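Asker: The sequence and its predicted three-dimensional model are supplied below.
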Amino acid sequence: MNKKDLSSDIRRLAEAKRAVILAHYYTEGAVQDVADFVGDSLALAQQAAKTEADIIVMCGVHFMAETCKILCPAKKVLIPDPEATCSLAESCPGDSFAEFVRQHPDHKVISYVNTSAATKAVTDIVVTSSNARQIVESFPKDQALIFGPDRNLGSYINSITGREMLLWDGACHVHERFSPAKILEAKAAHPQALVLAHPECKAPVLKLADVVGSTARLLNYAVQSECREFIVVTESGILHEMQRQAPEKLFIPVAPEAPETPGCSCNECNYMRLVTLEKLYRCLKDEAPEVVLPEDIRKKAERPIRAMLELSAKLGL
Ligand code: 13P
Ligand code: SF4
């Protein structure tokens with residue numbers, strides 16, 4: 001079946017089954033185009049929390065679908081490919097993180113949303129790259145803090161807030177592949193362009209950025225800015241929405257230090273790219289694979305996610 005027919009069938013099934021399709025900016029363009037809502041991790045969690053649909057289909061990675069299930073236990077939550085995990089979430093196994101937390105009983109625990117439900121279950125408050133700074137700053141200055149699992153996002157937040165949070169040593173394999181050398185190459189070729197970078201990148205990469213922020217922040221900045229050229233230092237799926245919202249502007253992807261295909265300038269998350277239109281269609285049709293969680297873990301993981309949503313709403317985020 002061609003993509004157009006497949007997309008029409010997906011929409012027909014979604015409407016017939018009262019299903020909402022949520023997609024992250026890192027999924028392939030055709031998946032973003034068929035979704036009801038496309039957003040960053042915070043916006044996807046906010047959408048899940050307020051949806052009235054009977055079924056949620058998360059076109060993204062597993063922790064995003066888990067977040068939907070944690071917030072909506074009575075709904076059916078589907079994921080087109082359950083193998084779509086996340087290297088960052090996997091760099092922080094729940095039992096090891098729980099032991100780390102036990103070793104620091106005087107610390108409050110902040111976890112990035114890119115974590116398993118088991119890691120969230122031993123967390124005080126969850127953050128995303130859209131609200132991490134504000135949530136960290138909401139703690140008194142003398143409160144000792146643990147931040148996990150992304151050492152790059154954690155160091156970045158330490159550097160802009162002056163905190164000394166204890167960091168878990170995890171990272172995202174996609175963002176770690178960006179190097180200062182490739183950004184300098186792109187800047188030399190496009191001297192007028194601004195550099196937009198995601199805070200999961202390493203510090204030497206972030207030093208070269210004009211704007212550091214979540215995918216939604218980078219997108220909004222690019223659309224509203226007077227500038228017409230942007231070097232985009234995050235997963236290349238975001239270029240689809242950037243180009244859709246600002247077709248007259250130039251968005252330049254940055255090649256990873258060692259591209260998988262020589263000469264290719266895309267840096268794609270192999271997990272996000274497991275979500276295809278074909279799998280989305282099958283998943284809606286069969287209402288499987290479904291995300292299920294043990295109720296005790298779900299309940300414990302719900303508290304820090306709700307804490308994040310409540311604080312974000314208070315802060316107008
Ligand atoms: P945001 O959606 O918060 O920008 O995070 C990006 C990411 O890595 C999702 O996996
Ligand atoms: Fe995880 Fe990195 Fe892929 Fe985001 S880009 S889902 S952090 S592996």
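Answerer: It's in. Ligands and ions are numbered 1, 2, ... in the order given.
Asker: From what I see, Gly60 and Ala84 are in contact.
Answerer: Yes. Proximity of Gly60 to Ala84 meets the contact threshold set by Cβ atoms under 8 Å, at 7.3 Å. Placement of C-beta: from N, CA and C, glycine included.
Asker: Please, where are all the helices along the stretch 201-317 of the chain?
Answerer: 203-206, 215-224, 238-245, 277-286, 295-314 (DSSP state H, counting those that start in this stretch).
Asker: Give me the mean pLDDT for the second one.
Answerer: With pLDDT averaged residue by residue, helix 215-224 scores 98.
Asker: Is there proximity between that helix and ligand 1?
Answerer: Yes. Counting by Cβ under 6 Å from any ligand atom, ligand 1 has neighbours in helix 215-224: Thr215.
Asker: tell me what that helix is packed against?
Answerer: The criterion is 3 or more Cβ pairs under 8 Å, 6 or more residues apart in numbering; DSSP states H and E, and the helices and strands that helix 215-224 contacts are strand 194-197, strand 211-212, strand 229-233, helix 238-245.
Asker: Please repeat the previous calculation with a cut-off of 6 Å.
Answerer: helix 238-245 (3 or more Cβ pairs under 6 Å, 6 or more residues apart in numbering; DSSP states H and E).
Asker: so how far is the helix it packs on from its chain's centroid?
Answerer: 16 Å (Cα atoms, centre = their mean, to the nearest Å).
Asker: now it against helix 215-224, angle please.
Answerer: Counting by axes from the mean of the first three to the mean of the last three Cα atoms, to 10 degrees, helix 238-245 lies at 30 degrees to helix 215-224.
Asker: Using the neighbour-count criterion, name the buried positions in helix 238-245.
Answerer: Ile238, Leu239, His240, Glu241, Met242 (16 or more other Cβ atoms under 10 Å).
Asker: could you check whether that helix is close to ligand 1?
Answerer: No. Judged by Cβ under 6 Å from any ligand atom, helix 238-245 stays clear of ligand 1, getting no closer than 8.3 Å.
Asker: Next: stretch 147-154.
Answerer: No. Counting by Cβ under 6 Å from any ligand atom, ligand 1 has no neighbours in stretch 147-154; the shortest distance is 8.8 Å.
Asker: now the end-to-end length of that stretch.
Answerer: 6 Å (Cα to Cα, to the nearest Å).
Asker: How about stretch 50-57?
Answerer: Length of stretch 50-57, first residue to last, Cα to Cα: 14 Å.
Asker: and the helices of the stretch 201-317 of the chain as a markdown table, adding distance to Ile183?
Answerer: Below are the helices of the stretch 201-317 of the chain laid out as a markdown table (distance: least, Cβ to Cβ, whole Å):
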| stretch | distance to Ile183 |
| --- | --- |
| helix 203-206 | 6 |
| helix 215-224 | 14 |
| helix 238-245 | 16 |
| helix 277-286 | 33 |
| helix 295-314 | 30 |
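Asker: quick one on the thing from earlier: now the buried residues of helix 238-245 in CSV, with pLDDT?
Answerer: CSV is the format used below for the buried residues of helix 238-245 (pLDDT from 0 to 100):
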residue, pLDDT
Ile238, 98
Leu239, 98
His240, 98
Glu241, 98
Met242, 98
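Asker: Let's have those residues in TSV, adding distance to Glu164.
Answerer: TSV is the format used below for those (distance: Cβ to Cβ, whole Å):
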residue	distance to Glu164
Ile238	31
Leu239	36
His240	38
Glu241	36
Met242	35
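Asker: Get me the contact residues on the protein for ligand 1.
Answerer: Asp40, Ser41, Asn114, Thr128, Ser129, Ser130, Cys172, Glu200, Ser214, Thr215.
Asker: so which of the residues you listed are also by ligand 2?
Answerer: Applying Cβ under 6 Å from any ligand atom to those, those adjacent to ligand 2 are Asn114, Cys172.
Asker: could the residues of the chain next to ligand 1 go into JSON lines alongside distance to Val101, neighbour count and secondary structure?
Answerer: Shown next, in JSON lines, are those (distance: Cβ to Cβ, whole Å; neighbours: other Cβ atoms under 10 Å; DSSP: H, G, I helix; E, B strand; the rest coil):
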{"residue": "Asp40", "distance to Val101": "27", "neighbour count": "24", "secondary structure": "coil"}
{"residue": "Ser41", "distance to Val101": "22", "neighbour count": "26", "secondary structure": "helix"}
{"residue": "Asn114", "distance to Val101": "17", "neighbour count": "27", "secondary structure": "coil"}
{"residue": "Thr128", "distance to Val101": "20", "neighbour count": "25", "secondary structure": "coil"}
{"residue": "Ser129", "distance to Val101": "22", "neighbour count": "27", "secondary structure": "coil"}
{"residue": "Ser130", "distance to Val101": "24", "neighbour count": "22", "secondary structure": "coil"}
{"residue": "Cys172", "distance to Val101": "22", "neighbour count": "24", "secondary structure": "coil"}
{"residue": "Glu200", "distance to Val101": "22", "neighbour count": "26", "secondary structure": "coil"}
{"residue": "Ser214", "distance to Val101": "25", "neighbour count": "23", "secondary structure": "coil"}
{"residue": "Thr215", "distance to Val101": "28", "neighbour count": "28", "secondary structure": "helix"}
